[in-house]
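Asks: Everything below, folded, please.
(one chain, ligands or ions: 1)
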Amino acid sequence: AGDVVTAGRILKELKSGCATPLPVLRRVADAMADDMRAGLASDHSGSELKMILSYVDVLPTGNEKGLFYALDLGGTNFRVLRVQLGGKDNRVIDTEFEQVSIPRELMFGTSEELFDFIASGLARFVESESGIFHLPPERKREIGFTFSFPVNQTSIDSGILMKWTKGFAVSGTAGKDVVACLNEAMERQGLDMRVSALVNDTVGTLAGARYWDDDVMVAVILGTGTNACYIEQTDAIPKLQSLASGSGRTIINTEWGAFSDGLPLTEFDYDMDNESINPGEQIFEKTISGMYLGEIVRRVLLKMSKFSALFGNSVPEKLSTPFVLRTPDLCAMHQDDSRDLYEVGMRLGGIVGTTSSTLEARKVALEVIDTIVQRGGRLAGAGIVGILQKLEQDSRGLVFGKRTVVAMDGGLYENYPQYRNYLKGAVTELLGPELSKNVIIEHTKDGSGIGAALLAAVNSKYI
Ligand code: ADP
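Replies: Have a look, this model is predicted:
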């Protein structure tokens, strides 16, 4: 019984360390809004939020027509897509896509090898074009290129790669214009296409959602990592200076994963961060995104099993392995509402190697999961309110008085119902029952691919 007491004490401390009562949510939302302003003021403000200019200042309206391509490189796969747009009445006439996995050795090869592989995949895809897809004579096929690595954007169709992330270590790309890299590879393939828009995946998601709904103002990705972008008034961007665009607004890529002000963190978060490949960076991402939720839970369970006999007399074999517990595993256990928590017991056995678990131990594990997922979802909600609040304050009340849509995408948001509910709950608590009626949080399934093609269309060289 003393063991359960010890585990219970660790759980109690965890819960108080992760608590997100309204004042904490408010502090986080306020800090997000302040950091956004600092990042918009100058690139040298020291703000954690980079607030990157996307150069996307024309948004899809629904009137776009013709054949456009999208190419998406953001992880271990790249995707190619074509869409035939039919204007206001016909919208998306047809769309086709293909996904190609990137051979591991290319993630460690040269820039030329990687881009040649992508260009040849694209060339093959273009060859299969037929049927309803139609390009008018004398026109090149145009591409929207979604590239989800940190890029210093220099125009709508060019940007310098700052560094590879997500396990890529390709030589010779950093410091180069990634559109030029792609163009050169297409030339080597004899493929005559032009890149009309280079976009971040969040920006693509916003554009894709906005195509269907004029009230979309914000897009958020909650998957392996996290990011958010939104539509800003150009006169609220001091660092934009003379570049003011014609339309008076532009999409800002917040890179909000880097945020950290006012977050409720515990020893488990600090330890995980210290042992990560990027200590001190991406703290918001490490608290709310899919890559990390399982790992935080693992660390808590490991401490519990070291200091108590929660899972028997020895520490379960695999519980010491970093990242062995993944967020989809938490999600599966979280859905277990049986009396004996059978699923929780099975998963703990299979994944971390507990030889047996008492009902009490399963309940504790489930509470740890709920605590970490609740904190993640609620803080993500506070971040969203921070963005809305910033927009409202600087646009003299243009946001909360009317319907405003936040487009959500990513595997975590899509698949984890409790996370989703915690997120929405925090938004409602922060805004109150009246204002929150106007804020619609909406899942957009795979908006980013079509979004990039739409941005190629609105930035077409032929209009
Ligand atoms: P990306 O890796 O580009 O972010 P996704 O948006 O598909 O791709 O997100 C994948 C992430 O979503 C996974 O790393 C995982 O953290 C999370 N995820 C996937 N499936 C589930 C699930 N069933 N329950 C909870 N989280 C999930």
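
Asks: Trp116 is in contact with Arg188, isn't it?
Replies: Check again: residue 116 is Asp, not Trp. Yes - when contacts are counted by Cβ atoms under 8 Å, Asp116 is listed as touching Arg188 (6.3 Å). The way it works is simple: take the backbone N, C-alpha and C, and place the C-beta from them, glycine included.

Asks: Looking at these two now, which is surrounded by more residues?
Replies: Higher neighbour count among Asp116 and Arg188: Asp116, with 19 against 13, using other Cβ atoms under 10 Å.

Asks: who's in contact with that one?
Replies: For Asp116, the contacting residues are Ala185, Arg188, Gln189, by Cβ atoms under 8 Å, 6 or more residues apart in numbering.

Asks: Restricted to helices, list the residues you listed.
Replies: The helices, defined by DSSP state H, take in Ala185, Arg188 from the contacts of Asp116.

Asks: Can you tell me which of the contacts of Asp116 is nearest the ligand?
Replies: Nearest to the ligand out of the contacts of Asp116 is Ala185 (Cβ to the nearest ligand atom; 22.8 Å).

Asks: Model confidence for that closest one, exactly?
Replies: Ala185 carries a pLDDT score of 97 in this model.

Asks: Please identify the buried residues of the top helix by length along the chain?
Replies: Longest helix of the chain, by residue count under DSSP H: helix 359-394. By 16 or more other Cβ atoms under 10 Å, the buried positions in helix 359-394 come out as 361-362, 364-392, 394.

Asks: What helix or strand is Val56 located in?
Replies: Under the criterion DSSP states H and E, no helix or strand holds Val56.

Asks: Look up the closest residue to it, ignoring the ones flanking it.
Replies: Ile251 (4.4 Å; Cβ to Cβ, 6 or more residues apart in numbering).

Asks: Give me the angle between the one helix or strand that neighbour maps to and helix 359-394.
Replies: Element membership for Ile251 (DSSP H and E) is strand 249-253. If you take axes from the mean of the first three to the mean of the last three Cα atoms, to 10 degrees, strand 249-253 sits at 150 degrees to helix 359-394.

Asks: which strands and helices sit next to strand 249-253?
Replies: strand 52-53, helix 201-212, strand 226-233 (3 or more Cβ pairs under 8 Å, 6 or more residues apart in numbering; DSSP states H and E).

Asks: Ok, which of these comes nearest Ile160?
Replies: For the helices and strands packed on strand 249-253, proximity to Ile160 was assessed by Cβ to Cβ; strand 52-53 is nearest, at 11.8 Å.

Asks: Just checking: what are the partner strands of that closest one?
Replies: If you go by DSSP bridges, strand 52-53 pairs up with strand 249-253 (antiparallel).

Asks: And the very next helix or strand once past the partner strand, what's buried?
Replies: Sequence-wise, the next helix or strand downstream of strand 249-253 (DSSP H and E) is helix 267-274. By 16+ other Cβ under 10 Å, the buried positions in helix 267-274 come out as Phe268, Asp269, Met272, Asp273.

Asks: Quick one: mean pLDDT over helix 267-274.
Replies: Here helix 267-274 scores 98 as its mean pLDDT.

Asks: Packing partners of that helix?
Replies: Where contact means 3+ Cβ pairs under 8 Å, 6+ apart, helix 267-274 is packed against helix 283-288, helix 290-307.

Asks: Show me which positions of the first one end up buried.
Replies: So that's helix 283-288. For helix 283-288, a neighbour-count test (16+ other Cβ under 10 Å) marks Ile283, Phe284, Glu285, Lys286, Thr287, Ile288 as buried.

Asks: residues in contact with the first one?
Replies: Translated: Ile283. Ala258, Phe259, Ser260, Leu263, Leu265, Asp269, Asp273.

Asks: Over to the fourth one?
Replies: By Cβ under 8 Å, 6+ apart, the residues touching Lys286 are Asp269, Met272, Asp273, Ser276, Tyr292.

Asks: measure the third one to the ligand for me?
Replies: Using Cβ to the nearest ligand atom, to the nearest Å, Asp273 is found at 18 Å from the ligand.

Asks: Grab the nearest non-local neighbour of that residue.
Replies: Nearest one to Asp273, counting by Cβ to Cβ, 6+ apart, is Pro279 at 5.6 Å.

Asks: That neighbour: neighbouring residues, count only.
Replies: So Pro279, with other Cβ under 10 Å, has 12 neighbours.

Asks: ok and the residue in the stretch 51-200 of the chain nearest the ligand?
Replies: Proximity of the stretch 51-200 of the chain to the ligand (Cβ to the nearest ligand atom) peaks at Gly75, 5.0 Å away.

Asks: Quick check: closest non-adjacent residue to that residue.
Replies: In space, Gly75 comes closest to Lys166 once its chain neighbours are excluded; the distance is 6.0 Å by Cβ to Cβ, 6+ apart.

Asks: for Ser320, same thing?
Replies: Ser320's closest residue in space is Leu302 (Cβ to Cβ, 6+ apart), at 6.4 Å.

Asks: Could you pull up the residues touching the one you found?
Replies: Val315, Leu319, Ser320.

Asks: Which pLDDT value belongs to it?
Replies: Note on Leu302: pLDDT of 96.

Asks: Tell me the spacing between it and Cys331.
Replies: Per Cβ to Cβ, to the nearest Å, Leu302 is found 20 Å from Cys331.

Asks: And for Met408?
Replies: Distance from Met408 to Cys331, by Cβ to Cβ: 16 Å.

Asks: Which positions in the stretch 201-350 of the chain make contact with the ligand?
Replies: Within the stretch 201-350 of the chain, the positions near the ligand by Cβ under 6 Å from any ligand atom are Gly223, Thr224, Gly225, Gly290, Met291, Thr327, Pro328, Cys331.

Asks: just checking, the second one touches Met291?
Replies: Right, the one you point to is Thr224. Yes - in terms of Cβ under 8 Å, Thr224 counts as a neighbour of Met291; the distance is 4.7 Å.

Asks: count of neighbours near the closest residue to Val24 other than its chain neighbours?
Replies: Once flanking residues are discounted, Val24 sits nearest to Pro264: 5.8 Å by Cβ to Cβ, 6+ apart. Using other Cβ under 10 Å, Pro264 is surrounded by 19 other residues.

Asks: Flag every buried residue along stretch 64-75.
Replies: Neighbour counts using 16+ other Cβ under 10 Å place Glu64, Gly66, Leu67, Phe68, Tyr69, Ala70, Leu71, Asp72, Leu73, Gly74, Gly75 of stretch 64-75 among the buried residues.

Asks: From Glu255, how far out is the one residue in the stretch 101-250 of the chain that gets nearest to the ligand?
Replies: Proximity to the ligand, evaluated over the stretch 101-250 of the chain using Cβ to the nearest ligand atom, is greatest for Gly223 at 2.3 Å. To Glu255, Gly223 is 15 Å away according to Cβ to Cβ.

Asks: host element of Thr95?
Replies: strand 92-101.

Asks: neighbouring contacts of that strand?
Replies: Here strand 92-101 has contacts from 76-86, 121, 125, 131-133, 449-450, using Cβ under 8 Å, 6+ apart.

Asks: now do 6 Å
Replies: The contact list for strand 92-101 (Cβ atoms under 6 Å, 6 or more residues apart in numbering) reads Asn77, Phe78, Arg79, Val80, Leu81, Arg82, Val83, Gln84, Gly86, Gly121, Phe125, Ile132.
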